[in-house]
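1. Okay, here's the prediction I keep looking at, along with the sequence it came from:
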Amino acid sequence: MTTARHWHTAPDGRVQCDLCPRYCRLRPGQRGFCFVRQNIDGALELTTYGRSSGFASDPVEKKPLYHFMPGSDVFSFGTAGCNLGCRFCQNWEISTARDMNRLMAAASPEQIAAAAGRAGCAAVAYTYNDPIIFTEYAVDTAWAARAAGLANIAVSAGYVTPAGAVDLFGAMDAANIDLKSFDPDFYRKITGGRLEVVQDTLRYLVHETSVWTEVTTLVIPGLNDSDEEVDRLTAWIAAELGPDVPLHLSAFHPAARMTDRPRTPLATLRRARQLALANGLRHVYLGNVWDADGSTTFCPACGAALVVRDGYSIRRQRLDPSGRCPDCGASVPGRW
């Protein structure tokens with residue numbers, strides 16, 4: 001447990017969390033929506049600091065990041081809780097955990113960095129649940145990882161205040177941000193959040209930081225898979241973030257409180273990818289399915305296949321270290 005950095009005492013005497021846009025106001029003993037931030041004796045405490053729900057060595061492609069150190073392994077960990085309430089959460093056992101015994105592994109930031117190095121990983125990834133809610137733990141670990149020569153990756157829904165974004169992402173080298181829908185009602189009813197907050201986070205990351213940023217949208221049948229919504233979402237990414245920001249369109253599978261929807265058909269994902277490409281996005285990938293074109297990085301100039309993937313494995317990598325196509329010399333944005 002450690003005292004949080006983003007809070008103040010409200011005029012009514014309650015403690016107000018200033019890390020996420022919920023701005024939870026807590027009486028003594030109360031926990032925030034995320035469950036892991038608590039008013040203890042008049043101070044806001046992060047109750048999960050130094051305790052993780054698990055560790056794993058994963059390919060960076062699983063985050064998913066396709067333009068950041070492809071083929072490398074990353075040391076992944078998370079805690080418990082979340083500041084969104086997505087009905088379809090794929091990691092709901094962790095994000096909705098209310099049993100603190102789920103946090104079985106205790107590790108300091110320095111121990112995590114050392115373990116990542118021993119595992120031969122190139123980076124530490126803050127994932128499984130949203131690192132926003134364990135910002136202090138994530139940032140301290142990120143500086144320990146950086147001192148050990150490792151990069152840092154945030155996998156996040158981007159539901160954070162501007163001050164919280166500066167704190168968390170200021171310690172990161174890459175991020176994958178969930179843009180769950182382009183419908184404000186979807187965000188309000190299905191996630192309990194607000195679309196404009198995530199849009200602001202994405203604009204900040206792409207235009208005001210050096211953090212390599214990719215975007216993921218989970219395509220859910222009957223909710224956010226219409227051609228009209230995909231068209232608006234991808235047109236916004238192209239116009240507001242730029243055509244070189246990679247987009248991952250991932251297949252939904254029934255989970256948590258959304259078991260009444262079928263899995264996303266491959267045909268739906270392929271159609272969405274074509275709409276995204278037509279809107280000017282140059283790097284659009286398909287996730288949770290096998291699709292040759294949807295997993296390959298193509299040169300935006302000559303169309304050559306540059307990074308060929310089979311699932312999370314790299315089968316062929318033709319880019320030079322500066323990210324240039326060997327056929328035409330065009331530059332492919334990323335961290336190669």
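-> Structure's in. What do you need?
2. and the host helix or strand of Val166, average pLDDT?
-> Using DSSP states H and E, Val166 maps to helix 162-169. Helix 162-169 comes out with an average pLDDT of 98.
3. Need the contact partners of the longest strand along the chain.
-> If you go by DSSP state E, the chain has its longest strand at strand 212-219. With Cβ atoms under 8 Å, 6 or more residues apart in numbering as the test, strand 212-219 has contacts from 64-68, 88, 90, 173-181, 202, 205-206, 224-225, 230, 233, 237, 241, 245-252, 264, 268-269, 272, 287, 334-335. Where C-beta positions appear, they are placed from N, C-alpha and C, glycine not excepted.
4. For the stretch 1-150 of the chain, which segments count as strands?
-> Ranges of strands within the stretch 1-150 of the chain are 2-3, 7-9, 15-17, 25-26, 37-40, 43-46, 51-52, 54-59, 73-78, 105-106, 123-126, based on DSSP state E, counting those that start in this stretch.
5. The third one packs against which elements?
-> When contacts are defined as 3 or more Cβ pairs under 8 Å, 6 or more residues apart in numbering; DSSP states H and E, strand 15-17 sits against strand 7-9, strand 25-26, strand 43-46.
6. Now distance to Gly158 and mean neighbour count too, for those, in JSON lines please.
-> Formatted as JSON lines, those follow (distance: least, Cβ to Cβ, whole Å; neighbours: other Cβ atoms under 10 Å):
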{"stretch": "strand 7-9", "distance to Gly158": "20", "mean neighbour count": "15"}
{"stretch": "strand 25-26", "distance to Gly158": "23", "mean neighbour count": "18"}
{"stretch": "strand 43-46", "distance to Gly158": "19", "mean neighbour count": "19"}
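7. Can you list the low-confidence ranges for the stretch 101-250 of the chain?
-> Scanning the stretch 101-250 of the chain for pLDDT under 70 picks out the ranges 101-104.
8. Reformat the helices and strands packed on strand 15-17 as JSON lines; add distance to Asn152 and mean pLDDT.
-> Shown next, in JSON lines, are the helices and strands packed on strand 15-17 (distance: least, Cβ to Cβ, whole Å; pLDDT from 0 to 100):
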{"stretch": "strand 7-9", "distance to Asn152": "24", "mean pLDDT": "97"}
{"stretch": "strand 25-26", "distance to Asn152": "29", "mean pLDDT": "98"}
{"stretch": "strand 43-46", "distance to Asn152": "18", "mean pLDDT": "97"}
